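> what would the 3D arrangement of this be:
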Amino acid sequence: MYATSLGDDGAELRALEPWRAEEFLAHMDRGREFVGRHVSLPDAVTDLASSRAFLQTYAQRLATDTGRIDGIWTGGTLVGGVLLRTMDVPRGTAEAGCWLEPSVVGRGLVTRAARVLIDWAVEERGIHRVEWVVSAANAASIAVARRLGMTKEGVLRESYPYRGRRHDMEMWSVLAPEWRAQRPGRPG
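Residues are numbered from 1 along each chain as shown. Coordinates of the predicted model:
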């Protein structure tokens, strides 16, 4: 019902709510191997109960103004999403993230969706610093951070234990004045 257009191709950004748990699980099943290469989301969503619980966690974060999750739909099918994994309005910080099914990679969907999400965080919630923490091996997500005008701040060496190995994580960020300065028609 409430959708934000992501462009002329019919893609939309919508709230990803607990009542969509079956659809979310089917989406995770389609992209489980691909998404799970770099993020643990598919490991957290393995059945209907865990799918519902995961989405309920984000419904609670939305209710307490500490995070949110939105899905990306194309042709009526959920194919990915963006989220504010954390959001601390009093401190003005948030950590954004994303995932996408392999069938729609390369269409700019995550970049477009992340722009909407970051605009909301900066302009509506007053977030000053949006972070993007990404596996150093995840070239696609790093490319999104670059397209979003983020600055690489460093590498957290072997900071993320995942599937039996420790992974380097890169920290990227954009500050509200930088975000506004790069947006067409917005004062810096």
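> quick one, what contacts P18?
Neighbouring residues of P18 by C-beta atoms under 8 Å, 6 or more residues apart in numbering: R52, L55, Q56, A59. Heads up, the C-betas are built off the backbone N, CA and C, glycines and all.
> just put those in JSON lines and tack on secondary structure, neighbour count and distance to Q182.
Listed next are the contacts of P18 as JSON lines, based on DSSP: H, G, I helix; E, B strand; the rest coil; neighbours: other C-beta atoms under 10 Å; distance: C-beta to C-beta, whole Å:
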{"residue": "R52", "secondary structure": "helix", "neighbour count": "19", "distance to Q182": "38"}
{"residue": "L55", "secondary structure": "helix", "neighbour count": "23", "distance to Q182": "32"}
{"residue": "Q56", "secondary structure": "helix", "neighbour count": "13", "distance to Q182": "35"}
{"residue": "A59", "secondary structure": "helix", "neighbour count": "19", "distance to Q182": "31"}
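> show me where pLDDT drops low in the chain?
Along the chain, the parts satisfying pLDDT under 70 run over 1, 184-188.
> try it again at 50.
Under the criterion of pLDDT under 50, the regions of the chain flagged as low confidence span 187-188.
> show me the strands in it, by range?
Counting by DSSP state E, one finds strands in the chain at the ranges 3-5, 12-15, 68-74, 77-88, 93-100, 129-135, 151-162, 165-175.
> so which of those strands comes closest to V45?
Taking C-beta to C-beta, strand 93-100 is the member of the strands of the chain nearest to V45, at 10.5 Å.
> next, the angle strand 77-88 makes with the closest one.
Here strand 93-100 runs at an angle of 160 degrees relative to strand 77-88 (axes from the mean of the first three to the mean of the last three C-alpha atoms, to 10 degrees).
> got a list of contacts for strand 93-100?
31, 35, 39, 41, 67, 72, 79-88, 109-110, 113-114, 117-118, 121, 125, 127-133, 141, 144.
> same thing but at 7 Å, please
Contacts of strand 93-100 with the rest of the structure, by C-beta atoms under 7 Å, 6 or more residues apart in numbering, involve 35, 39, 41, 79-87, 109-110, 114, 117-118, 121, 127, 129-133, 141, 144.
> any quick PyMOL command for the buried ones out of these?
When burial is assessed using 16 or more other C-beta atoms under 10 Å, the buried subset of the contacts of strand 93-100 is captured in PyMOL by this command:
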select buried, resi 35+39+41+79+80+81+82+83+84+85+87+109+110+114+117+118+121+127+129+130+131+132+133+141+144
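> just to revisit the earlier point, can I get the strands of the chain in TSV with distance to L48?
As requested, the strands of the chain are exported to TSV (distance: least, C-beta to C-beta, whole Å):
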stretch	distance to L48
strand 3-5	24
strand 12-15	19
strand 68-74	17
strand 77-88	15
strand 93-100	19
strand 129-135	28
strand 151-162	24
strand 165-175	29
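> what's the closest of those to H27?
Evaluated with C-beta to C-beta, the strands of the chain place strand 77-88 nearest to H27, the distance being 4.4 Å.
> by contact count, what packs against the closest one?
Judged by 3 or more C-beta pairs under 7 Å, 6 or more residues apart in numbering; DSSP states H and E, the packing partners of strand 77-88 are helix 21-35, strand 68-74, strand 93-100, helix 109-119.
> thanks a lot, catch you later.
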